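Participant: I would like to see how this sequence folds:
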Amino acid sequence: MRLSKYKHNLNYLKNRKKNHAGRNNSGKITVAHQGGGHKQQYKQIIFKNFINQNYKNFITTFEYDPNRTSFIFKLCGISIQNFYNNMYKKLHYKYILAPQEIKILDTLEHQLLKKNSSQKIKKQFGNCYFLNDLQIGDIIYNIQINHTKNCQFVRSAGTFATILKKTEKFATIKLPSGEIRNIPLYYKAFLGLVSNGLYYKINIKKAGKSRWLNKRPTVRGVAKNPIDHPHGGNTSGGCHPVTPWARLTKGKPTRSKKLKNNLIITSYKKKK
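Facilitator: You can find the predicted model right below:
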């Protein structure tokens, strides 16, 4: 997938993003090793069902988004009446998460049926469906887990989930982490896998590029003085790896034992 060289910038699809350099409202550093990066803008991306039934939608450009690992594409919507009358004055643009195996000038149609409908539809990568309309073995991304929020699961570059089983109320889905969980059939998901699958092979090559990406250099705890870090003081071990505030960094469970999710069948830690 090649990014588009010539882009039509639309300011109403972007918001100002301020770099706080890892500091809170009082100016104290709460997230270390951040600051000094290139200026960025937040692009408004629609994660829910984005297709209107009364519009004809075309993919115009593929673009880079500094706020996520995957690529995004710009969708141009034309009302069906204006399309057949050759009137292209009112165009509606949207930013959407880009899947693989999709090209510029491809059309995306409204194929989201009503809940528990018996009609058959032609599947297309990048379209939104209810989990009830998908089959066992389909690969999906951008999955909804709460009916009041956007789609939240499986949005990183090159990731996808698979449908393992379907019952009367739930669909059993295997997530990229190895976790297996049930999701209600009337929740939505997108067909396909997220673009930029070779993101993990990117070589930064020089220190300056990581500074552009808002990453400041890190210093090992062993190289510090004992007053600055528990590992400091030229010692060669004797304690478990900890943070500068003596909190465990490896192996400590962070998920609450009191709050149990009955929809999780197999946890990601129990995968083989």
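Participant: quick one: the strands in this structure, in order.
Facilitator: 14-16, 41-43, 55-63, 72-79, 92-97, 107-108, 128-130, 139-141, 161-166, 170-174, 180-184, 188-191, 264-266 (DSSP state E).
Participant: ok, and for the third one, which residues are buried?
Facilitator: Right, the one you point to is strand 55-63. Using 16 or more other CB atoms under 10 Å as the test for burial, strand 55-63 gives 55, 56, 57, 58, 59, 60, 61, 62. All C-beta spots, glycine's among them, are computed from the backbone N, C-alpha and C.
Participant: please apply the same query to the last one.
Facilitator: Residues residue 265 are the ones in strand 264-266 that count as buried (16+ other CB under 10 Å).
Participant: what of the fifth one?
Facilitator: By 16+ other CB under 10 Å, the buried positions in strand 92-97 come out as 94, 95, 96, 97.
Participant: OK, contacts around the second one?
Facilitator: What it means is residue 95. Listed by CB atoms under 8 Å, 6 or more residues apart in numbering, the contact set of residue 95 reads 13, 43, 44, 45, 46, 63, 65, 72, 73, 74, 75.
Participant: ok, of these, which one's closest to residue 231?
Facilitator: residue 65 (36.9 Å; CB to CB).
Participant: burial count for the closest one?
Facilitator: 18 (other CB atoms under 10 Å).
Participant: my read is that it contacts residue 41, right?
Facilitator: No - between residue 65 and residue 41 there is no contact under CB atoms under 8 Å: 9.6 Å.
Participant: show the pLDDT at the nearest residue to residue 199 once chain neighbours are set aside.
Facilitator: Excluding the flanking residues, the one nearest residue 199 by CB to CB, 6 or more residues apart in numbering is residue 157, at 4.0 Å. Note on residue 157: pLDDT of 92.
Participant: nearest residue to residue 241 other than its sequence neighbours?
Facilitator: Nearest to residue 241 is residue 249, by CB to CB, 6+ apart, at 4.9 Å.
Participant: err, residue 125, not the other one
Facilitator: residue 192 is the one closest to residue 125 (CB to CB, 6+ apart), at 3.8 Å.
Participant: what sits against that neighbour?
Facilitator: Residue 192 neighbours (CB under 8 Å, 6+ apart): 99, 100, 101, 102, 125, 126, 139, 140, 141, 160.
Participant: top of those residues by neighbour count?
Facilitator: Ranked by neighbour count (other CB under 10 Å), the contacts of residue 192 have residue 141 at the top, with 27 neighbours.
Participant: middle-most residue in the chain, spatially?
Facilitator: residue 155 (2.6 Å; CA atoms, centre = their mean).
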